[in-house]
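[1] Structure of the sequence below:
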Amino acid sequence: MEALDQLLMACHSQSIKPFVESFLHMVAKLLESGEPKLQVLGTNSFVKFANIEEDTPSYHRRYDFFVSRFSAMCHSCDHDPETQTEIRIAGIRGIQGVVRKTVNDELRATIWEPQHMDKIVPSLLFNMQKIEDVDSRTGPPSSPTGGEKEENPALLAENCFRELLGRATYGNMNNAVRPVFAHLDHHKLWDPNEFAVSCFKIIMYSIQAQYSHHVIQEILGHLDACKKDPPRVRAGIIQVLLEAVAIAAKGSIGPTVLEVFNTLLKHLRISVDFELGDRRSSAGSATFSTSSKENDERIVQNAIIQTIGFFGSNLPDYQRSEIMMFIMGKVPVLGATSQSLDTSHLGDLGTRRIQIMLLRSLLMVTSGYKAMTITNALPAPFLDPLLSPSLMEDSELRQLVLEILHNLIDRHDNRAKLRGIRIIPDVSDLKIKRDKISRQDVSFMKKHGQQLYRHIYLGCKEEDNVQKNFELLYTSLALITIELANEEVVIDLIRLAIALQDVAIINEDNLPMFNRCGIMALVAAYLNFLSQMIAVPSFCQHVSKVIETRSLEASYFLPETIFKDKCNLPKSLEKHEKNLFFLTNKIAESLGGSGYSVERLSVPYVPQVTDEDRLSRRKSIVDTVSIQVDILPGNNTEDKIDNTEEITFEALKKAIDNNGLEEQEKEKRRLVIEKFQKAPFEEIAAQCETKANLLHDRLAQILELTIRPPPSPSGTMTITAGHAHYQSVPVYEMKFPDLCVY
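    Next up, the predicted model:
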């Protein structure tokens, strides 16, 4: 063998061809022998041969035997540990030699074919598993010393694996990656998944950057194939995807962006389905195994949300806005498009879980998103489903919606300064950043302002509100004031705040006392903030006077007191003095002197009614429209009249009297005229639309019951005895209504 080696090294590249066949035949004989030393000797000779560059390819030469033999040596299980290590190192070096000899020549019999890769890749991974410190090997290729390379099979295998992947091209990338999945599946290395993560980090750092999306597609494909596997296995695969995406996001992600999100959202629905299925099957028998299975599904769901959030937040803004629209389109809301995730078989609980998961994903994607204009951040197809009543049925859902709005509205990072709900003594200390309101922002508020006000108004009236809900509602009002408020919007926001105060005082919705005091505290904190932002001295004076009076007489109307753990709540709010409330007439006086148009302040705020309100399961918002009749203009306690009247014979006689009826008619007419003169156009349109919609629905019902479709010349189909018959009516026999005939 030594003589052959010397001959080989002495040969010039032109004269090596005739000699190679004899040489390889001799090496094969040595590798087949049972003696470890001869196997190592044969490998060393082959490596020397592999390092010789040949001028012309040899098309007839094949290395199938060497691939099989070296792969077998990589799995050596010799009883002597030293001999075992020696043979394994020889096997890895042999594979490295085969790779170097064949990998770059496209015309020669290639080792990229699946039958070779299925032997080479698992052999290398088998040896790489012996690495003790996984994390030290996960970065870009390291350069260990020569001695280490020769002695450590794991290190040698890793370097060989990196070299193999580094030479992979577009056409054979998949053949190199697929055996990795097979190895991880067979050896159950997805749970725990440290080795799987380290493998894919090595792959992502070793391949050429433009092929990153190939690997991501392969991981997604494997996730689809494993959709019925145990939850921890799926969670392991998703965490591997997260690591791969983290590396790929810095370079080229390619065309797989939407595919990644689509696959992840599909698996989110599958996971929720499994979780609820387990819960239903174990109803009545609360066993430990089921609860742990549910927890495992939660791990899967959290891993998916993390991946979506991380991937989304690494995308450029133009792609991120597409992904926001894509995820929002998947959220199941009333009247949603066919693109939303199908939750019909999951029931209310499953739909709620899906909604929460998708909104958490959306929250992560929108984090740090900075749009040039608010219209780009909150386009109508995104805002409408986000503010849908379907996403207000749960305290957590409402919190997520508000946090998403904060991410998108807050373009100057002021949110951290507004965290918590409190009476701020001096707002200028917060050093709030703001720009002049742009024309696009003004037009956005004209179009969608009523939607935002309505969402905040209805959000305050929910019974299951907790402190966090009130804090987020306060922050929403403050951010709208900073980012989007011109003089007109300021008036609308004050009307909204006064309407919320009336909700707490009148309490038509029978809210618990904590909620009523919470709303009062929210209004106090917000008006304190707003008065200092617009800096009208008399308005600030009125607000601070009310807050001062409250701190002495009714501290439960202030956020610092009501949101403490032990706060004494009042039994009722009816007996409170008017100096504890913010009064519309005082605010109008103070703002009127500073040039604000305060006519609209006397008109009570009424939420805009949408089509969805009439379709939703929740109590209709139409009921709240009647508030404006009960509250006279002014909205303050000094205008309130005691409506309770003792019923006597005289009272009944007056009721029948025509004069009384005429006076009531006049009063009604006066109120209507006043409303049309002073109320904003959006509110009048909203109320008229409500009546029109109700009438339209009733009319549609009647027409549906009475009118049958007219006969058609093409005929109507009737089925008799299982056969379809068409009865056609000639056009000249059809009877048309007079107005249709010309």
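[2] Pretty sure residue 604 sits against residue 500.
    No - between residue 604 and residue 500 there is no contact under CB atoms under 8 Å: 11.4 Å. Glycine gets a C-beta too; all of them are placed from N, C-alpha and C.
[3] average pLDDT across the helix or strand where residue 692 lies?
    Secondary-structure assignment from DSSP states H and E places residue 692 in helix 681-706. Averaging the model's pLDDT scores along helix 681-706 yields 81.
[4] oh, and call the first residue 339 from now on, that's how I've got it
    Shifting the count to begin at 339 puts that one at helix 1019-1044.
[5] List the buried residues in that helix.
    Burial within helix 1019-1044, assessed by neighbour count using 16 or more other CB atoms under 10 Å, is assigned to 1021, 1024-1025, 1028, 1031.
[6] In a markdown table, list those along with distance to residue 776.
    Converted to a markdown table, these look like this (distance: CB to CB, whole Å):
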| residue | distance to residue 776 |
| --- | --- |
| 1021 | 25 |
| 1024 | 26 |
| 1025 | 31 |
| 1028 | 32 |
| 1031 | 34 |
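[7] Tell me which two of these sit farthest apart.
    Across the buried residues of helix 1019-1044, no pair lies farther apart than 1021 and 1031, at 15.5 Å, counting by CB to CB.
[8] Tell me the secondary structure at residue 390.
    Applying DSSP: H, G, I helix; E, B strand; the rest coil to residue 390 yields a three-state assignment of coil.
[9] I'd guessed it sits against residue 346; true?
    Yes - with contacts defined as CB under 8 Å, residue 390 counts as touching residue 346 at a distance of 7.4 Å.
[10] Looking at the two, which is more packed in?
    Each of residue 390 and residue 346 had its neighbours counted (other CB atoms under 10 Å), and the higher figure belongs to residue 346 (16 against 13).
[11] and the more buried one, what is it in contact with?
    By CB atoms under 8 Å, 6 or more residues apart in numbering, the contact list for residue 346 reads 354, 357, 361, 383, 386-387, 390.
[12] so where does it fall, helix or strand?
    Assigned by DSSP H and E, residue 346 belongs to helix 340-348.
[13] and after that helix, which helix or strand comes next?
    For helix 340-348, the following helix or strand on the C-terminal side (DSSP H and E) is helix 355-370.
[14] Show me which positions of that following helix end up buried.
    358, 361-362, 365, 368-369.
[15] which other helices and strands contact it?
    helix 340-348, helix 374-388, helix 402-412 (3 or more CB pairs under 8 Å, 6 or more residues apart in numbering; DSSP states H and E).
[16] Kindly recompute the last result at 7 Å.
    The elements that helix 355-370 packs onto, with contact taken as 3 or more CB pairs under 7 Å, 6 or more residues apart in numbering; DSSP states H and E, are helix 340-348, helix 374-388.
[17] Convert the C-alpha atoms of the longest one to PDB, please.
    This means helix 374-388. Backbone C-alpha positions of helix 374-388 (Å, rounded to 0.1, in the frame of the first residue of the first chain) are rendered in PDB as follows:
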ATOM      1  CA  PRO A 374      -9.200  -1.800  11.800                       C
ATOM      2  CA  LYS A 375      -5.600  -0.800  11.000                       C
ATOM      3  CA  LEU A 376      -6.000  -1.900   7.400                       C
ATOM      4  CA  GLN A 377      -9.300   0.000   7.100                       C
ATOM      5  CA  VAL A 378      -7.600   3.200   8.500                       C
ATOM      6  CA  LEU A 379      -4.700   2.600   6.000                       C
ATOM      7  CA  GLY A 380      -7.100   2.300   3.100                       C
ATOM      8  CA  THR A 381      -8.900   5.400   4.100                       C
ATOM      9  CA  ASN A 382      -5.700   7.400   4.400                       C
ATOM     10  CA  SER A 383      -4.700   6.300   0.900                       C
ATOM     11  CA  PHE A 384      -8.100   7.300  -0.500                       C
ATOM     12  CA  VAL A 385      -7.900  10.800   1.200                       C
ATOM     13  CA  LYS A 386      -4.500  11.300  -0.500                       C
ATOM     14  CA  PHE A 387      -6.000  10.400  -3.800                       C
ATOM     15  CA  ALA A 388      -9.000  12.700  -3.200                       C
END
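[18] Give the burial count for residue 800, as a bare number.
    Other residues close to residue 800 by other CB under 10 Å number 16.
[19] what about it, which SS state?
    Remark: residue 800 carries the secondary structure label coil [criterion: three-state DSSP].
[20] contacting residues for it?
    When contacts are counted by CB atoms under 7 Å, 6 or more residues apart in numbering, residue 800 is found next to 730, 736.
[21] Equivalent analysis for the one 4 residues further on, please.
    When contacts are counted by CB under 7 Å, 6+ apart, residue 804 is found next to residue 733.
[22] Residue 581 is in contact with residue 554, correct?
    No - counting by CB atoms under 7 Å, residue 554 sits too far from residue 581 to count as a contact (10.9 Å).
[23] So between the two, which is more surrounded?
    Between residue 554 and residue 581, residue 554 has the larger neighbour count (other CB under 10 Å), namely 25 against 21.
[24] pLDDT value on the more buried one, please?
    According to the predicted model, the pLDDT of residue 554 comes to 89.
[25] Is it in a helix, a strand, or coil?
    helix.
[26] separation between it and residue 534?
    15 Å (CB to CB, to the nearest Å).
[27] Now do the SS call for residue 770.
    What three-state DSSP gives for residue 770 is coil.
[28] Enumerate every residue touching it.
    Going by CB under 7 Å, 6+ apart, residue 770 touches 752, 755, 820.
[29] Kindly reformat those as TSV containing secondary structure, distance to residue 545 and pLDDT.
    As requested, the contacts of residue 770 are arranged in TSV below (DSSP: H, G, I helix; E, B strand; the rest coil; distance: CB to CB, whole Å; pLDDT from 0 to 100):
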residue	secondary structure	distance to residue 545	pLDDT
752	coil	43	92
755	helix	45	91
820	helix	47	95
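[30] show me where the stretch 639-788 of the chain has helices.
    Assignment of helices within the stretch 639-788 of the chain using DSSP state H, counting those that start in this stretch yields the ranges 655-668, 685-704, 712-715, 718-724, 733-747, 777-798.
[31] okay, the ones you listed in CSV with mean pLDDT next?
    Compiled in CSV, the helices of the stretch 639-788 of the chain are given as follows (pLDDT from 0 to 100):
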stretch, mean pLDDT
helix 655-668, 87
helix 685-704, 89
helix 712-715, 90
helix 718-724, 92
helix 733-747, 95
helix 777-798, 94
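[32] and residue 614, which of the ones you listed is closest to it?
    Proximity of the helices of the stretch 639-788 of the chain to residue 614 was assessed by CB to CB; the nearest stretch is helix 685-704, lying at 5.0 Å.
[33] ok and the closest one relative to helix 733-747, angle-wise?
    Taking axes from the mean of the first three to the mean of the last three CA atoms, to 10 degrees, helix 685-704 and helix 733-747 form an angle of 20 degrees between their directions.
[34] So which elements touch helix 685-704?
    Counting contacts by 3+ CB pairs under 7 Å, 6+ apart, the secondary-structure elements packed against helix 685-704 are helix 595-619, helix 626-651, helix 655-668, helix 733-747.
[35] Need the winner for burial among these.
    helix 733-747 (a mean of 20; mean count of other CB atoms under 10 Å).
[36] Please list the residues outside that helix that contact it.
    So helix 733-747 is in contact with 693-694, 697-698, 700-701, 704-705, 707, 712, 715-716, 724, 729-730, 753, 797, 800, 802-804, 806-807, 810-811, 813-814, 817-818, 821, going by CB under 7 Å, 6+ apart.
[37] How is residue 910 assigned, secondary-structure-wise?
    Recorded secondary structure, residue 910: coil (three-state DSSP).
[38] Any chance of a markdown table for the buried residues of helix 355-370, columns distance to residue 506 and pLDDT?
    Rendered in a markdown table, the data for the buried residues of helix 355-370 read as follows (distance: CB to CB, whole Å; pLDDT from 0 to 100):
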| residue | distance to residue 506 | pLDDT |
| --- | --- | --- |
| 358 | 26 | 81 |
| 361 | 29 | 85 |
| 362 | 26 | 88 |
| 365 | 27 | 91 |
| 368 | 30 | 92 |
| 369 | 26 | 92 |
